[in-house]
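[1] Can you look at this prediction? I've put the sequence above it.
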Amino acid sequence: MTATTQKIEPGDTMAVSPALAQYTRETILGDLWKRDIITPRDRSLVTVAALIQRSQPIELAHHVALALDNGVKPSEISEAITQLAFYSGWGNGTTAVAVAQQVFAERGIVEDQLAPASVELLEQDATVEANRVAAVEGMVGPAFGALADYTTSVLFADLWLRSTLSPRDRSLVTMSALITANLPAQIVFHINKAMENGMTEEQVAEVITHIAFYAGWPNAMNAAVVAKDAFAKRKG
Amino acid sequence: MTATTQKIEPGDTMAVSPALAQYTRETILGDLWKRDIITPRDRSLVTVAALIQRSQPIELAHHVALALDNGVKPSEISEAITQLAFYSGWGNGTTAVAVAQQVFAERGIVEDQLAPASVELLEQDATVEANRVAAVEGMVGPAFGALADYTTSVLFADLWLRSTLSPRDRSLVTMSALITANLPAQIVFHINKAMENGMTEEQVAEVITHIAFYAGWPNAMNAAVVAKDAFAKRKG
Amino acid sequence: MTATTQKIEPGDTMAVSPALAQYTRETILGDLWKRDIITPRDRSLVTVAALIQRSQPIELAHHVALALDNGVKPSEISEAITQLAFYSGWGNGTTAVAVAQQVFAERGIVEDQLAPASVELLEQDATVEANRVAAVEGMVGPAFGALADYTTSVLFADLWLRSTLSPRDRSLVTMSALITANLPAQIVFHINKAMENGMTEEQVAEVITHIAFYAGWPNAMNAAVVAKDAFAKRKG
């Protein structure tokens, strides 16, 4: 074991891989981020979600700052972190908190720019929710009553209704985290939810293409296969 | 890229997301951890296993310390790390070593409180083991003789028989790591093994519910579906 | 939360788990790495790929240094990092850059030992590539034209043809990363590609056995099941 510690400064890509530096400059920054099917603000939300799911503090710090530059509000970053604590695990949430806190401090962002713990809740569609509850109960059965109850009371009657991140953006970051983690069953559900919350087929496909670079090609290809089926089913 | 480095202090959740702080306080600490279907000691073992699988040093340091407070012995933490090196990869094991070493040093825990390299081995059930060997050989075939041999000699004739962590607790941490990593085939095997080692259906369901918070909702839902089938088959 | 930060020095395994230290010494270093079915250079490439996929900086620093000792050239490490940025995500690539940069600096490795951004490209087999393009189009359909186009132009008409890492070694690191991430569909494709690039069935099986230790037993068992089928299909 060398004496190297985990304290790692962002590297100079040119000093290790000129090819990787060129792909970053020409393919990612010079091409991918300029495609106008989704906005830079959307790309920032997608990238931040992928990095929270992967728990990569160095890249996340860069992309939280870029997200602010691209028009994501501090309260929206705060809310996206909370959303993803539930969908990708509490440890990913607290790591993202540590990173965002540093970026917020550098930018002079203070607490009244964040969403408070209690905010106005959006109205819930009772029919959609009843269908979801029935689907979960059918899936996990009576042995998982507590899990189903938390899902209903904490996630769908509270978290998803918080008005400080739009349902469409909440869907966007959730879907992005699930694609990054390669979770096909949940990707289907959340692609449909994202489209009910206003995203188009073309935009969903672009999100998956964007994630190819940030979560690796295989996760994007797997999501594309799942999305293709979901698109076909929606058309009936 | 900002000048931020990977040296990250645990963040102040209130300074980034008052909502996440409230969910932590009210839902996780005020509710989940107080449910008495499994003990706080069990919840600590489950959480530590999830964090070792995810390789999240900051959270892991907190939860190794809490596990000691909840009655997990240093020798049991040491043994759980060794177990999970095999089930979640050596790099996760050595990261956990680095974290636990700091916590042990803060607590004044010294080497004679750890399990030695060689300990008394429990007796093996020859029939159960013969069935397992046959199942693995059927699954991977003759091309994987070396992998099957290591599985038999290192894992099942040695690691699993070490008496310094009870078979029930060894099952608990293994099952928890597998749920966190979303590995359905192995989750089935280790849910059954956990129940043979004394856990009840209700306790397994509670472990999965606990992990929803620490490894994200989708992994828990996937495990619940798998567990539901495993429970049904056991009733046969 | 304790005051522990994420700045973690490599731990002393003996101070936490004498058993884990013994398994490392006797099973991994004293046995696994000495098996001659693949070379130590191959084992280093496999291990580095697994650690890049897992984004584990401490272990990666150790294994990048060991890879150099085992005959992997700096330009090959650089190229493997670039390859895996695409297959495991950009954040894993930039983390590996940060780690490799430190190791290169310690070893006095300078930029003219790296591959330049533009290198000679190998010739492409037009029939194989046409089949691949058709397979991807069939899989993802017209909604994913941009993803399919990037796959063709950036990955298969450029990255895979860079002559600074042999196709066989490129296959080796890609396959290793995919096994580590438990991606069955892609593992099949890349086992076949690795064998077309010169690897034998016995060597592929040994790579999977090696990864059991570095990415955890379940990922290796899953890959073995997939590989067994792939081997059988190749024999027709």
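    Received the coordinates, thanks.
[2] and the helix or strand where A:Ala220 lies, average pLDDT?
    Take DSSP states H and E as the rule and A:Ala220 turns out to sit in helix A:217-235. In this model, helix A:217-235 has an average pLDDT of 97.
[3] what about A:Ala85, distance to B:Ala157?
    Look at A:Ala85 and B:Ala157: by Cβ to Cβ, to the nearest Å, they are 41 Å apart. Quick note: C-beta positions are derived from backbone N, CA and C, even for glycine.
[4] again with A:Arg25
    For A:Arg25, the distance to B:Ala157 equals 54 Å [Cβ to Cβ].
[5] how far is the helix holding A:Ala220 from where the chain is centred?
    Computed by Cα atoms, centre = their mean, to the nearest Å, the chain-centroid distance of helix A:217-235 equals 17 Å.
[6] and if you look at stretch A:87-105?
    Using Cα atoms, centre = their mean, the mean C-alpha position of stretch A:87-105 is found 13 Å from that of the whole chain.
[7] just stretch A:30-45 next, same as before
    Here the centre of stretch A:30-45 is set off from its chain's centre by 15 Å, with Cα atoms, centre = their mean.
[8] And the contacts of that stretch?
    Outside stretch A:30-45, the residues that touch it by Cβ atoms under 8 Å, 6 or more residues apart in numbering or on different chains are A:46, A:63, A:66-67, A:70-72, A:76, A:80, A:169, A:172-173, A:176, A:202-203, A:206-207, A:209-210, A:213, C:146.
[9] Quick check: mean pLDDT of it?
    Mean predicted confidence for stretch A:30-45 is 98.
[10] in it, what's buried?
    A:Leu32, A:Trp33, A:Ile38, A:Pro40, A:Arg41, A:Asp42, A:Arg43, A:Ser44, A:Leu45 (16 or more other Cβ atoms under 10 Å in any protein chain shown).
[11] Can you flag which of those residues belong to strands?
    Among the buried residues of stretch A:30-45, no member is found in strands (DSSP state E).
[12] got any ranges where chain A has weak pLDDT?
    Applying pLDDT under 70 to chain A flags residues A:1-9.
[13] Of all residues in it, which one is closest to chain C?
    Relative to chain C, the nearest point of chain A is A:Gly11 (3.5 Å; Cβ to the nearest Cβ).
[14] so that residue makes contact with C:Val103?
    No: using Cβ atoms under 8 Å as the test, A:Gly11 is too far from C:Val103 to be in contact (10.9 Å).
[15] if we can go back for a sec, adding distance to A:Thr151 as columns, could you present the buried residues of stretch A:30-45 in CSV?
    CSV is the format used below for those (distance: Cβ to Cβ, whole Å):
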residue, distance to A:Thr151
A:Leu32, 35
A:Trp33, 35
A:Ile38, 29
A:Pro40, 33
A:Arg41, 29
A:Asp42, 27
A:Arg43, 30
A:Ser44, 29
A:Leu45, 24
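[16] closest to C:Ile109 among these?
    Nearest to C:Ile109 among the buried residues of stretch A:30-45 is A:Leu32, at 30.7 Å by Cβ to Cβ.
[17] Looking at chain A, which residue is nearest chain B?
    Proximity of chain A to chain B (Cβ to the nearest Cβ) peaks at A:Ala98, 3.4 Å away.
[18] which SS state does that residue fall under?
    The three-state label given to A:Ala98 by DSSP: H, G, I helix; E, B strand; the rest coil is helix.
[19] I'd say it and B:Ser17 touch.
    No: using Cβ under 8 Å, A:Ala98 makes no contact with B:Ser17, being 11.6 Å away.
[20] With neighbour numbers in mind, choose between these two.
    Between A:Ala98 and B:Ser17, B:Ser17 has the larger neighbour count (other Cβ atoms under 10 Å in any protein chain shown), namely 30 against 21.
[21] next one: phi and psi at that one?
    phi -150, psi 90 (degrees, to the nearest 10).
[22] Find the residue closest to it in space, skipping its chain neighbours.
    Distances taken as Cβ to Cβ, 6 or more residues apart in numbering or on different chains put A:Ser78 closest to B:Ser17, at 4.4 Å, once the chain neighbours are dropped.
[23] Just want the angle from the host helix or strand of that neighbour to helix B:217-235.
    Taking DSSP H and E as the criterion, the element that holds A:Ser78 is helix A:74-88. Here helix A:74-88 runs at an angle of 20 degrees relative to helix B:217-235 (axes from the mean of the first three to the mean of the last three Cα atoms, to 10 degrees).
[24] Alpha carbons of helix A:74-88, in CSV - could you do that?
    This file holds the C-alpha atoms of helix A:74-88, laid out as CSV (Å, rounded to 0.1, in the frame of the first residue of the first chain):
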residue,chain,number,x,y,z
PRO,A,74,-30.4,26.6,-4.4
SER,A,75,-33.8,25.5,-3.1
GLU,A,76,-34.1,23.1,-6.0
ILE,A,77,-30.7,21.6,-5.4
SER,A,78,-31.6,21.2,-1.8
GLU,A,79,-34.9,19.5,-2.7
ALA,A,80,-33.3,17.2,-5.3
ILE,A,81,-30.8,16.0,-2.7
THR,A,82,-33.7,15.2,-0.3
GLN,A,83,-35.6,13.4,-3.1
LEU,A,84,-32.6,11.3,-4.0
ALA,A,85,-31.8,10.4,-0.3
PHE,A,86,-35.0,8.3,-0.6
TYR,A,87,-34.3,6.9,-4.1
SER,A,88,-30.6,6.3,-3.8
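[25] In three-state terms, label A:Leu51 for me.
    helix.
[26] OK, contacts around it?
    A:Glu59, A:Leu60, A:His63, A:Tyr214, C:Gly91.
[27] of those residues, buried ones?
    With burial judged by 16+ other Cβ under 10 Å, the buried subset of the contacts of A:Leu51 is A:Glu59, A:Leu60, A:His63, A:Tyr214, C:Gly91.
[28] Now for these: which two are most distant?
    Spanning the widest gap among those are A:Leu60 and A:Tyr214, at 11.0 Å by Cβ to Cβ.
[29] the domain parsing of chain A - what is it?
    By the assignment in automatic domain parsing, chain A contains the domains A:10-114+A:162-234, A:125-152.
[30] just the ones you listed: most buried one?
    Of all those, domain A:10-114+A:162-234 has the most neighbours on average by mean count of other Cβ atoms under 10 Å in any protein chain shown, namely a mean of 22.
[31] ends of that one, how far apart?
    Chord length of domain A:10-114+A:162-234, first to last residue, is 44 Å (Cα to Cα, to the nearest Å).
[32] how far does that domain sit from the chain's center?
    Chain-centre distance of domain A:10-114+A:162-234: 4 Å, with Cα atoms, centre = their mean.
[33] Do a quick rundown of the strands in chain A.
    For chain A, no strands are identified by DSSP E.
[34] Dump stretch A:108-117 to PDB, keeping only the CA atoms.
    Written as PDB, here are the backbone C-alpha positions of stretch A:108-117 (Å, rounded to 0.1, in the frame of the first residue of the first chain):
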ATOM      1  CA  GLY A 108     -22.700  33.100  -0.300                       C
ATOM      2  CA  ILE A 109     -26.000  31.200  -0.400                       C
ATOM      3  CA  VAL A 110     -27.800  31.500   2.900                       C
ATOM      4  CA  GLU A 111     -30.500  29.600   4.600                       C
ATOM      5  CA  ASP A 112     -33.500  31.800   3.500                       C
ATOM      6  CA  GLN A 113     -32.700  30.800  -0.100                       C
ATOM      7  CA  LEU A 114     -33.400  27.100   0.800                       C
ATOM      8  CA  ALA A 115     -36.800  25.500   1.100                       C
ATOM      9  CA  PRO A 116     -38.000  25.200   4.700                       C
ATOM     10  CA  ALA A 117     -38.800  21.800   6.200                       C
END
